[in-house]
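K.L.:
Have a look at this prediction, sequence included:
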Amino acid sequence: MKKSDASPSLPASELISQRIVDLADWRGEALGRMRKLIKEADPEVIEEWKWMGTPVWSHEGILCTGESYKDKVKLTFAKGAFLEDPAGLFNASLDGNMRRAIDIHEGEKVDGPAFKALVREAIAHNTAGKASKKSAKKAKT
């Protein structure tokens, strides 16, 4: 993969856009499509650029990361082990206690509506966790 010439001082959204362009193959298309679905599922999503060049989407905590490898694009949900996945989108990192991932290989398409539902569930999980922490603090006072 070609390293982006983009400056780390650019906004994360620009760095992610540049990564998609730099990939210049099916991986860029896949990452771009998944980014669009994330934004459709959550217009308030925060895009971040972490860990020396990893796109990250957050809403009151990390929702997922978007990594690109030679043979796949990997969307790792930070708390995927706690999410319902009725469409069976998770196909990687299934043995961990926290994360779950979706590996997309060349020619594969992820079910858009099912993916957006998964993103919304990740948001609900993050916001529920924040709400319960606030309730616990109030109970102590």
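P.N.:
That came through, no problem. Numbering: from 1, shown residues only.

K.L.:
can you pull out the strands in the protein?
P.N.:
46-50, 54-58, 62-68, 73-77, 100-104 (DSSP state E).

K.L.:
what ranges of the chain fall below the confidence cut-off?
P.N.:
1-8, 129-141 (pLDDT under 70).

K.L.:
Helices along that one, start to end?
P.N.:
For the chain, the helices defined by DSSP state H occupy 12-23, 26-41, 112-140.

K.L.:
Let's have those helices in a markdown table, adding mean neighbour count and distance to His105.
P.N.:
For glycine as for every other residue, the C-beta is placed from the backbone atoms N, C-alpha and C. Listed next are those as a markdown table, based on neighbours: other Cβ atoms under 10 Å; distance: least, Cβ to Cβ, whole Å:
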| stretch | mean neighbour count | distance to His105 |
| --- | --- | --- |
| helix 12-23 | 18 | 14 |
| helix 26-41 | 18 | 9 |
| helix 112-140 | 14 | 16 |
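
K.L.:
In CSV, list the ones you listed along with distance to Asp95.
P.N.:
Below are the helices of the chain laid out as CSV (distance: least, Cβ to Cβ, whole Å):
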stretch, distance to Asp95
helix 12-23, 28
helix 26-41, 23
helix 112-140, 19
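
K.L.:
ok, the residue most central in space within the chain - contacts?
P.N.:
Centroid-nearest residue in the chain: Cys64, 2.5 Å away (criterion: Cα atoms, centre = their mean). Neighbouring residues of Cys64 by Cβ atoms under 8 Å, 6 or more residues apart in numbering: 38, 56-57, 75-78, 80, 119, 122.
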